[in-house]
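# Need coordinates for the following:
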Amino acid sequence: MTTFLELGVDQDMVDTLSAKGITEAFPIQEQTIPLALTGQDIIGQAKTGTGKTFGFGLPLLQRIGADPEPGVQALIVVPTRELAVQVFEDLELASQHRAASLVPIYGGKAYEGQIEQLQAGAQIVVGTPGRLLDLANQRLLDLSKVREMVLDEADKMLDLGFLADIEKLFSLTPPNRHTMLFSATMPGTIVTLARRFMSKPIHIRATDPDEGAAQANIEHIIYRAHSLDKDEVIGRILQAEGRGKTVIFMRTKRAAAKLLEELQDRGFDAAAVHGDLNQDQRERAMAAFKAGKKEVLIATDVAARGIDVDDVTHVINHTVPDDEKTYLHRVGRTGRAGRSGIAVTFVDWDDLHKWALIDKALEFGVPEPVETYSSSPHLFSDLNIPEGTKGRLKATPVKDRAAAGRGAGSSRGESSRDGAGSGGEGRTRTRRRTRSANPKGPGRHEAHGHEQHGHDLEGGSEPGASLDAPGEERTASQRRRRRRRGGSGGAAGEGAGAGAPGAEGAEGAAPAEATTDE
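You can find the predicted model right below:
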C-alpha cells in the first residue's frame, strides 16, 4: 500500500493522520491526491466509504497553505447536514497543526455562531447549498476569493433538487478556481455540470465498473419476515456473537421513533437520527454512536448520509429500500475500510415485487427470500446467535430504570410538593390512615377531603379521641372540614390547619391537592 508521504502530502498532516492510525492511502486517494496537488480539475467517481474525503481534503488543505490569509479560500458543498459535520470533522483532524480555520455552515443551527466564525476570518467552509446561499445573499459569506471548490456527492444534491443552488454558488466563485467533483454515479446532468464549470477535468473511477455490484466483503442475508415479529428478530440479531456497531434503516421517521422506544424497552442502548429530531439531537446521537456510547443507531435514509463510521458490523433493513441504489447506499455503512460486514434485509409480503427488482439488478439470485421467524433455526445459524437467545436483554430495560428513578424520587412530582419524598406509596398510606381516623366510615367526598390535608392527619388521632379536642392542630383542621360539610365557614380552623407545626415533615401527603396547604 502507498503512504500519504509518498503521494506528496506535507509531513505535518502525515504525522497527524499517523497518530490516529491512518497511514496507508485507499485507491481513490492514491489516484486523486497527486493530481489534485498540481491543480488538476477532477471528477471522482466513488461511493461513500471509499476514503474520498481525504482524497480531496488533503490536497485542498495543502494548496491553501499552512497559514493562509483570513477570508474564505476553500468551499466544500455537500447535500446534507450530517455529511457537512462528517467532512468538517475529518478536515479539522487533518489540519489540527495548521493555522487554517474551518467552519461548518448548514441549516438547523443558529446563524450567530456561523457568522462570527466567518467574520473572524475562517478560510475553509463546509456547508449545504441552502444555508450557504442564504448567507451569501445577505453578504455575510464572500466567495469571491475562493481558490478551491469541491462538490461532494453531487448526484445526491441533484436528487434533492439543489441544481439551481449549485449553479448559483459556482457563479459566485472566480472562474479560475480549482474544482473537484465527486459522485457515486454519473448521470447526464452531472456531466453537463462538469463541462460548464470545470476546466478539462480528469475522470477518476475508484469503484467497480459495474455500479450495481454489491460489495464483495459484505454478506447479504435476505428474509421474508412478518411485521409483528420483526422487533423480536432484531432483538435476537443484536445478541449475535461478534456483533458490534449496528445501523437499522427504517422507511419513516415515525417508525424509527417507535423502534427506538421498543429497543430501549428491551434493554438495548440505542439512538436514532430522523427528521423529527432537531439538529442538535441528531448530532448528539451520531456522536454517541461514533464514540461507541451507543451501539445501535436507528436511521432514515436522508438522515443517514453522514454515517461515516468504519467499525459498523451489521446493517439491518427493517423494510425493503425503494431501489438497488438505496440498497447499496444503506448496506455500504458496513464493510468499510477493508473490514467485513453483514447486511440483513426484511422483506414484507407486500414488498416481494420490489425486492424482486432489486435482486435482479444486483444479481443476488434470491427473488423469493426464505420465510423467517424469530424461532426459525436458520436465523440462529445464519447470524451466529447463541441458542436459546430471546429478543430482550436480561438487564433492566432502559425505560424501567428511568421509571424506577422517578419512583425513588418524586413520581409525578409528589415529593417536591409534599416535602416527604414518599412517592405514590404515601398516597396509599394517607387513604388508609384517613379511614382509621374516622371509624364511622366517612363518605367518598369526606375521605377525599381528609386526603387533601394529609399533613394534618399523619399519625392520626387515637380511635376514641374527640374530634373537637381543644389545642390539637390536627383536630382543628378536622373540625373545619366538619363545619364545611355542615355549611359553616370555619375560618379559625383554616388558619390552624395551614400552620400546623408538624405539617412540613409529614409523610403521605396527597400529590396535587397538598399544594393548598403549603
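
# Off-centre distance for the helix or strand containing Q62?
Taking DSSP states H and E as the definition, Q62 sits inside helix 52-64. In this view, helix 52-64 has its centroid 28 Å away from the chain centroid, taken as C-alpha atoms, centre = their mean, to the nearest Å.

# Equivalent analysis for stretch 83-98, please.
Remark: stretch 83-98 is offset 20 Å from the chain centroid, using C-alpha atoms, centre = their mean.

# With stretch 71-85 instead?
Put simply, stretch 71-85 sits 20 Å off its chain's centre (C-alpha atoms, centre = their mean).

# Endpoints of that stretch, how far apart?
Separation of the first and last residues of stretch 71-85 by C-alpha to C-alpha, to the nearest Å is 21 Å.

# which other helices and strands contact the helix holding Q62?
Judged by 3 or more C-beta pairs under 8 Å, 6 or more residues apart in numbering; DSSP states H and E, helix 52-64 is in contact with helix 11-19, helix 27-37, strand 42-45, strand 74-77, helix 81-94, strand 124-127, strand 148-151, strand 178-183. C-beta: built from backbone N, CA, C; applies to glycine.

# Reformat those as JSON lines; add distance to W349.
Below are those laid out as JSON lines (distance: least, C-beta to C-beta, whole Å):
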{"stretch": "helix 11-19", "distance to W349": "49"}
{"stretch": "helix 27-37", "distance to W349": "40"}
{"stretch": "strand 42-45", "distance to W349": "37"}
{"stretch": "strand 74-77", "distance to W349": "42"}
{"stretch": "helix 81-94", "distance to W349": "33"}
{"stretch": "strand 124-127", "distance to W349": "43"}
{"stretch": "strand 148-151", "distance to W349": "41"}
{"stretch": "strand 178-183", "distance to W349": "36"}
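
# Which stretch among the ones you listed approaches V320 most closely?
Among these, helix 81-94 comes nearest to V320, with 23.0 Å by C-beta to C-beta.

# Give the pairing partners of the very next helix or strand once past the closest one; include direction for each.
Counting by DSSP H and E, the next helix or strand C-terminal to helix 81-94 is strand 102-105. Paired strands of strand 102-105, with direction, are strand 124-127 (parallel) (DSSP bridges).

# So for the partner strand, mean pLDDT?
For strand 124-127, mean pLDDT is 97.

# Sketch out the low-pLDDT regions of this protein for me.
Applying pLDDT under 70 to the chain flags the ranges 47-49, 207-215, 302-306, 337-338, 394-518.

# So it: which segments form each domain?
Taking automatic domain parsing as the criterion, the chain consists of the domains 11-205, 218-399, 410-517.

# Okay, now the longest one: how far is its last residue from its first?
Across domain 11-205, the terminal residues are separated by 27 Å (C-alpha to C-alpha).

# And the helix or strand hosting K258, what's buried?
In this assignment (DSSP H and E), K258 forms part of helix 253-265. Residues of helix 253-265 classed as buried: K253, A256, A257, L259, L260, E262, L263, Q264 (neighbour count, 16 or more other C-beta atoms under 10 Å).

# end to end, how far does stretch 194-201 reach?
One end of stretch 194-201 to the other measures 8 Å (C-alpha to C-alpha).

# Would you map the strands across this structure?
With DSSP state E, the ranges of strands along the chain come out as 42-45, 74-77, 102-105, 124-127, 148-151, 178-183, 202-205, 218-225, 245-250, 270-273, 296-300, 312-317, 341-347, 370-372.

# Can you say which of the ones you listed is nearest to V87?
Of all these, it is strand 124-127 that lies closest to V87, at 5.0 Å by C-beta to C-beta.

# For the closest one, buried residues please.
I124, V125, V126, G127.

# hey, what's the first one bridged with?
This points to I124. Note on I124: beta-bridge partners by DSSP bridges are A74, L102.

# Okay, R196 and N137: tell me how far apart.
Using C-beta to C-beta, to the nearest Å, one gets 22 Å for the distance from R196 to N137.

# How about G121?
Counting by C-beta to C-beta - G121 and N137 are separated by 21 Å.

# picking up where we left off before, now the strands of the chain as a markdown table including distance to F162?
Output for the strands of the chain, formatted as a markdown table (distance: least, C-beta to C-beta, whole Å):
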| stretch | distance to F162 |
| --- | --- |
| strand 42-45 | 18 |
| strand 74-77 | 8 |
| strand 102-105 | 15 |
| strand 124-127 | 12 |
| strand 148-151 | 10 |
| strand 178-183 | 13 |
| strand 202-205 | 22 |
| strand 218-225 | 30 |
| strand 245-250 | 23 |
| strand 270-273 | 21 |
| strand 296-300 | 19 |
| strand 312-317 | 27 |
| strand 341-347 | 29 |
| strand 370-372 | 40 |
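
# Could you pull up the residues touching Q114?
Q114 is in contact with V103, P104, I105, R131, L135, counting by C-beta atoms under 8 Å, 6 or more residues apart in numbering.

# if we go to 6 Å?
Each residue near Q114 by C-beta atoms under 6 Å, 6 or more residues apart in numbering is listed here: I105.

# Kindly report the same for A36.
Listed by C-beta under 6 Å, 6+ apart, the contact set of A36 reads I42, P59.

# what's the spacing between it and G71?
Distance from A36 to G71, by C-beta to C-beta: 22 Å.

# P201 too?
Counting by C-beta to C-beta, the gap from P201 to G71 is 26 Å.

# returning to that earlier point: with distance to L5 as new columns, can the domains of the chain be given to me in CSV?
Shown next, in CSV, are the domains of the chain (distance: least, C-beta to C-beta, whole Å):
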stretch, distance to L5
domain 11-205, 5
domain 218-399, 20
domain 410-517, 61
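
# can you tell which of those is closest to T2?
Closest to T2 of the domains of the chain is domain 11-205 (C-beta to C-beta; 5.0 Å).

# before we move on, the earlier item: tell me which residues are up against the helix holding Q62.
Counting by C-beta under 6 Å, 6+ apart, 9-10, 28-29, 32-33, 36-37, 44, 46, 73-74, 87, 90-91, 95, 148, 150, 180, 182 sit against helix 52-64.

# sorry, back to before: so which of P201 and G71 has more stuff around it?
For P201 versus G71, the count of surrounding residues by other C-beta atoms under 10 Å is larger for P201: 17 against 13.

# just the helices in the stretch 251-400 of the chain please.
Here the stretch 251-400 of the chain has its helices, by DSSP state H, counting those that start in this stretch, at 253-265, 279-290, 324-331, 352-362, 377-383, 398-408.

# re earlier: and of the strands of the chain, who's closest to L169?
Nearest to L169, of all these, is strand 74-77, at 6.2 Å by C-beta to C-beta.

# And the contacts of that closest one?
With C-beta under 6 Å, 6+ apart as the test, strand 74-77 has contacts from L60, I64, V87, I124, V125, V126, V146, E148, M149, V150, L151.

# re earlier: nearest to I307, of the helices and strands packed on helix 52-64?
Distance to I307, taken as C-beta to C-beta, is lowest for helix 81-94 among these, at 7.2 Å.

# how far off helix 52-64 does that closest one point, in degrees?
Angle of helix 81-94 versus helix 52-64, following axes from the mean of the first three to the mean of the last three C-alpha atoms, to 10 degrees, is 50 degrees.

# Make 46 the starting number, not 1.
In the new numbering, first residue 46, that becomes helix 126-139.

# and stretch 84-97, how far from the chain's centre?
Distance, centroid of stretch 84-97 to centroid of chain: 27 Å (C-alpha atoms, centre = their mean).

# Any idea how far apart the tips of that stretch sit?
For stretch 84-97, the first-to-last residue distance is 17 Å (C-alpha to C-alpha).

# same check, this time on stretch 187-206
Stretch 187-206 has its terminal residues 24 Å apart, counting by C-alpha to C-alpha.
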